[in-house]
Each structure stands twice: as structure tokens, then as C-alpha cells.
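In: need a structure here:
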Amino acid sequence: MSSSDRLCRRSLLLGALALAGCGFTPVYGPGGPALALRDSVTVEGPDTVDGYRLRQHLQDQLGRATAPAYMLSFTLDITEESGAITGDGTVSRFTLPGRASYALRATGSETVLAQGSVDSFTSYAAMGTTVATRSAAEDARDRLTRILADLIMTRLVIAAQDF
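Out: Model prediction:
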């Protein structure tokens, strides 16, 4: 065994001990704070295609609530802006900025356990056929709602340590 292998093992062990000593617990591990959210959150949002997508992405990560202890509500605002214009005035790229505001409450309570807003953007090319452009736009909207769902989940997991 080379000295670099021993050094690597020693560093790994010391790192693990340091994490254990500071109270590190994996959020989805046994006793982790995120387990309180798994299969116990009902998600409500706007009845739009984008609202449906965001709700689905959140439910994919939270699980389907059979006996919900929490209710997550959100609002969603996605706009479309021209991003690049060719010399003849044709828009060749669109940007989709989006913002989702959310609030997590205990079921049957108005007390907010976690709330905030997240924002991000995606874009797509408007070159080629109408069908290709429409498909690219739908794909960009799906990517954006997935990004927003991931950002909300990150905030909820962090907040779960407090309730």
C-alpha cells in the first residue's frame, strides 16, 4: 500500500469523524429532518399546464400523501421574452424567466411553517419549423418547472429541521 493510499484513507476517516462530531445527519437518512415531509405533503397550485407540471415535479420528490400532515401551496409566474433577434427582425431565441412563491402549512392550520419564493430561467431556440419551435418551448417550460421544484425542495428540506 502506497503512502498516498494511506493518506487518502486517513483523510476520509478524519473527514467522517469531523462530520459525525459536528452533528451531521443526512437529511433523508434515519432520523433525518426531510423524512417528515416524505409522503405527508399535499401540493396545491394553479390549474394551468405549468402549474400541473410544477405540482407533478414536487410530488415526485415528496411522494403521494396518504394521510397529509402538511399542505404546500404555490403560485407560479412564467413569462416569455425575446432573447435574440436576427438582422431581418425575426426572433430566433426566447427566454422564459419564472418565479414560484410557496407556503407550507400544517394541515388544518393557517400557521406558515416555511415560505419563500424561488426564481430561475430557461431558454429555447425558435429556429426551424413551427412544430420544432413549439416542442422546444414546451421542453423549456418543463425544464423550468423542474428547476423551480428542485429549488423549492431544497428550501423545504432546510426548513424541515425547524418543525
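In: And Glu116, how far from Leu104?
Out: Just so we're on the same page, residue 116 is Gly rather than Glu. 10 Å (Cβ to Cβ, to the nearest Å). (Glycine included, C-beta is placed from N, CA and C.)
In: who's more crowded, the two?
Out: A count of neighbours by other Cβ atoms under 10 Å puts Leu104 above the other of Gly116 and Leu104, at 23 against 14.
In: State the helix or strand in which the more buried one lies.
Out: strand 91-106 (DSSP states H and E).
In: Show me what that strand is packed up against.
Out: Secondary-structure packing of strand 91-106 (3 or more Cβ pairs under 8 Å, 6 or more residues apart in numbering; DSSP states H and E): strand 70-78, strand 81-85, strand 112-125, helix 130-159.
In: most tightly surrounded among the ones you listed?
Out: The highest mean neighbour count among the helices and strands packed on strand 91-106, using mean count of other Cβ atoms under 10 Å, belongs to strand 70-78: a mean of 19.
In: Mind listing residues that contact stretch 63-77?
Out: 36-46, 48, 50-51, 54-55, 58, 62, 98-107, 113, 145, 148, 152, 156 (Cβ atoms under 8 Å, 6 or more residues apart in numbering).
In: hmm, try it at 7 Å
Out: 37-46, 50-51, 54, 58, 98-107 (Cβ atoms under 7 Å, 6 or more residues apart in numbering).
In: Next: stretch 98-116.
Out: 54, 68-78, 117-121, 144, 148, 152, 155-156, 159, 163.
In: count of neighbours near Pro46?
Out: The burial count for Pro46: 15, using other Cβ under 10 Å.
In: so how far is Leu156 from the closest residue in space to it that isn't next to it in sequence?
Out: Leaving out its chain neighbours, the residue that sits closest to Pro46 by Cβ to Cβ, 6 or more residues apart in numbering is Leu76, at 5.8 Å. From Leu76 across to Leu156, the span is 16 Å (Cβ to Cβ).
In: do Ala106 as well
Out: 14 Å.
In: which regions of the protein sit below the pLDDT cut-off?
Out: Applying pLDDT under 70 to the chain picks out residues 1-8, 10-24.
In: Beta-bridge partners for the residue lying closest to Glu44 once chain neighbours are set aside, please?
Out: Among residues not flanking Glu44 along the chain, Ser73 sits closest, at 4.7 Å (Cβ to Cβ, 6+ apart). Beta-bridge partners recorded for Ser73 (DSSP bridges): Glu44, Ala103.
In: repeat for Thr122
Out: Leu96.
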